[in-house]
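S.K.: after the sequence you'll find the predicted model.
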Amino acid sequence: IDPTLKLVDEINRLKKEKNAVILSHYYVEGELQDIADFVGDSLQLAQAAATTEAEMIVFVGVHFMAETAKIINPSKKVILPDLKAGCSLAESAPAEKFAAFKQKYPDHQVISYINCTADLKTMTDVVCTSSNAVKIVESFPKDAKLIFAPDKNLGNYINSQTGREMVLWDGACMVHEQYSVEKIIELMDAHPDAEFIAHPECEKPVLLLAKHIGSTSSLLNYVQQSPATKFIVATESGILHQMKKACPDKIFIPAPSNDSTCACNDCSYMKLNSLQKLYICMKHELPEVSLPKDVIDKARVPIERMLEISK
Ligand code: 13P
Ligand code: SF4
C-alpha cells in the first residue's frame, strides 16, 4: 500500500461504494472506533447487526462477534479485518468437551455468554452478554436448572446477583484475569478520590473492590453519571477512548495487571485490528465469515431469543 494513501478517506469511499456498515467494539483502537458507523458493546453490536440495511457488514472486533453477525444475517456478506482475532473465552470451551460436560447434566438448560463459538451456540438455549446476563437468567423460572458457559467469573457474579446456583463451565478471559488486587489497592490508596469500576469478567477479589460493576456500555454510562472526576478502570483499555471523549475533564487510569512487563489490559486479539487491515479487507471483501447452514440454523435460535428478551 502507498504509505500516503489516505486510509480513512479510502475506507469511507469503499463503505459507500459497497453499501457496507462498519461495526466496531469498544476494545479496538480509537481510530477504528472513530471510523465506525456504530461503536458499542457486544449486545449493542449484535442488535445493530440484526437491524442493519447495509449489504455488507464489516466487523471490527473479534471473530465470535462477526460470526454472530453472520448467524443473524446469513444472506449478507460479513467480513473482518483479521481472521486470527479470536478470544480466549471462546477458545476455553471447545464444542466436543462442552458436549460431554452437558451430558453430565441432562436436565439442565444452557445459557451461553456470546463470547463463544458458533458450535457452542448450537448447544445453547439462550445466549447472553454482560449487559443483559441478569435479565436473561431471570427470564428462566427460579427453580430452573442451568449451565452457564464459558465464563466462570461472569457466571459467579450472576449467581451472586440472582441467588441462582448455575453450574459453571471453567473458562475465563485472559485480559480480565490479569488484574492484581494488591496493585489496585495501592493505586486506590494513592488516588483516594478515584472510583474503582470493573467488568464482570474480572475475578471475584477484584469485583469486591469495585464501586460499580458492569459491561463496557454500563461502565461508560457510569463515568458520565458519577460526580467523581477520577476513575480506575478494570477492563480492556480501548474503552478509555470513549470515556475520554465523553468526559474530557475527567481522569481515567487503567487498572494495573500482575505482569508489569506487558500491556495485559490490552486484548491482543482486539488489537490485531488496524486501519490498514480494515482497508484491505474492505477492498478485497476478505476474510469472510462462512458457516455451515445447519450451524447457522441452530445457533440462530438462542441468539434470537436473547434479542427478543433484550428488547
Ligand atoms: P461487553 O462488550 O459485553 O462489555 O463485553 C466485553 C468483552 O469482553 C467483549 O469481548
Ligand atoms: Fe475475549 Fe477477553 Fe479479548 Fe473480550 S477481552 S475478546 S473476552 S479475550
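M.R.: All right, it came through fine. Numbering: from 1, shown residues only. Ligands and ions are numbered 1, 2, ... in the order given.

S.K.: C-alpha from now on. contacts and neighbour counts both.
M.R.: Fine.

S.K.: N221 belongs to a helix?
M.R.: Yes: assigned with DSSP: H, G, I helix; E, B strand; the rest coil, N221 falls within a helix.

S.K.: ok, it to D41 distance?
M.R.: Distance, N221 to D41, using C-alpha to C-alpha, to the nearest Å: 12 Å.

S.K.: comparing those two, which residue is more hemmed in?
M.R.: A direct count of neighbours by other C-alpha atoms under 10 Å for N221 and D41 places D41 higher, at 20 against 14.

S.K.: make sure the more buried one is actually in contact with T216.
M.R.: Yes: if you go by C-alpha atoms under 8 Å, D41 and T216 touch, sitting 5.9 Å apart.

S.K.: shared neighbours, these two?
M.R.: By C-alpha atoms under 8 Å, 6 or more residues apart in numbering, D41 and T216 have these common neighbours: Y26.

S.K.: so who does L278 touch?
M.R.: The contact partners of L278, by C-alpha under 8 Å, 6+ apart, come to 11, 60, 80-81.

S.K.: right, and the helix or strand after whichever strand or helix holds it?
M.R.: Here L278, judged by DSSP states H and E, is contained in helix 275-284. The first helix or strand that comes after helix 275-284 along the chain, using DSSP H and E, is helix 293-309.

S.K.: could you list every helix and strand in contact with the helix or strand hosting L120?
M.R.: L120 is part of helix 118-121, with elements assigned from DSSP H and E. Contacts defined by 3 or more C-alpha pairs under 8 Å, 6 or more residues apart in numbering; DSSP states H and E place helix 118-121 against helix 63-72, helix 95-103, helix 293-309.

S.K.: most neighbours per residue, which of these?
M.R.: With neighbours defined as mean count of other C-alpha atoms under 10 Å, the helices and strands packed on helix 118-121 peak in mean count at helix 63-72, which reaches a mean of 25.

S.K.: just after that one, pick out the following helix or strand.
M.R.: Of the helices and strands lying after helix 63-72 in sequence (DSSP H and E), the nearest is strand 77-79.

S.K.: and ligand 1, is the helix or strand just after that following strand touching that?
M.R.: Per DSSP H and E, the first helix or strand lying C-terminal to strand 77-79 is helix 88-91. No: judged by C-alpha under 6 Å from any ligand atom, helix 88-91 makes no contact with ligand 1; its nearest approach is 8.5 Å.

S.K.: list the buried residues for helix 88-91?
M.R.: By 16 or more other C-alpha atoms under 10 Å, the buried positions in helix 88-91 come out as 88-91.

S.K.: in the stretch 101-250 of the chain, which spans are strands?
M.R.: 109-113, 126-128, 146-149, 167-168, 195-198, 212-213, 230-234 (DSSP state E, counting those that start in this stretch).
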